[in-house]
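> sharing a model prediction with you, sequence too.
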Amino acid sequence: MKPEQSAGDSVRGNAPRYLLLGEILRPHGIAGELRMRVLTAYPERLSQLHTVFIGRDPESEATAYTILNVRMHQGYALLTLAGIQDRTTAEGLRDQFVMIDLANAVPLEPGEVYLYQLIGMTVQEDDGQILGVITEVLETGANDVYIVDSPRYGEILIPITPDTLIQTDVQAGLVTVRLPDGLLPQR
């Protein structure tokens, strides 16, 4: 669905300052290396970046760090950043996010959207019936799930697969879906 991920709290049209690449879990070793849970769809791109931003969330101030080295280890990225040379300094970055500014994000392919763009979009069925508004996107691994606030049905969880997602029109703020039988209560 997206190259880098946003935090999901942004209202449609209000882009976050940064997109998430990963979350720092803990120091790795004693030389300041950081163990990062990867949140980007393109982890191989980390080694191509010169600068990342580290902060508490994509909406607030973050500190720029120069990347000295990136390597993958057991499904995690291990980062070496300029100025982080010991375990104590690295510990101070625990639980913070590694981010990239929007200007340096991976360009979207046709048909792709960032998660922050989906929040607040109207969802309609392929017959034109309006279901509600996307409030959150869950990434389950198998497929994304759109959480839709529906005045008629309450909260709807829509699994997004090639069979259910018909069209996403960011300009119109509209997502068209074909729901599987039984997803909604009897009408």
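The structure has been received and is ready for your questions.
> lowest-pLDDT helix or strand in this structure?
The element with the least model confidence among the helices and strands of the chain, by mean pLDDT, DSSP states H and E, is helix 115-118, at a mean of 86.
> give me the beta-bridge partners of the spatially closest residue to residue 167 that is not a sequence neighbour?
Closest residue to residue 167 apart from its sequence neighbours, by Cβ to Cβ, 6 or more residues apart in numbering: residue 176 at 4.4 Å. Glycine gets a C-beta too; all of them are placed from N, C-alpha and C. Each beta-bridge partner of residue 176 is listed here, defined by DSSP bridges: residue 124, residue 167.
> isn't residue 176 right next to residue 127, touching?
No. Taking Cβ atoms under 8 Å as the definition, residue 176 is not a contact partner of residue 127, at 9.7 Å.
> which one's more surrounded, those two?
Comparing residue 176 with residue 127 by other Cβ atoms under 10 Å, the one with more neighbours is residue 176, at 18 against 7.
> where's the more buried one relative to residue 19, distance?
Separation of residue 176 from residue 19 (Cβ to Cβ, to the nearest Å): 26 Å.
> same question, residue 81
Counting by Cβ to Cβ - residue 81 and residue 19 are separated by 18 Å.
> okay, these two: which has more neighbours?
Using other Cβ under 10 Å, the more surrounded residue of residue 81 and residue 19 is residue 19, with 27 against 24.
> may I ask which helix or strand encompasses that one?
Here residue 19 is covered by strand 18-28, with elements defined by DSSP states H and E.
> got the CA coordinates for the next helix or strand after that strand in CSV?
Scanning forward in sequence from strand 18-28 by DSSP H and E, the next helix or strand is strand 33-38. What follows is strand 33-38, C-alpha atoms only, in CSV (Å, rounded to 0.1, in the frame of the first residue of the first chain):
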residue,chain,number,x,y,z
GLU,A,33,24.6,0.8,17.6
LEU,A,34,20.8,0.9,17.6
ARG,A,35,18.4,-2.0,17.1
MET,A,36,15.4,-0.8,15.0
ARG,A,37,12.1,-2.5,14.2
VAL,A,38,11.6,-1.9,10.5
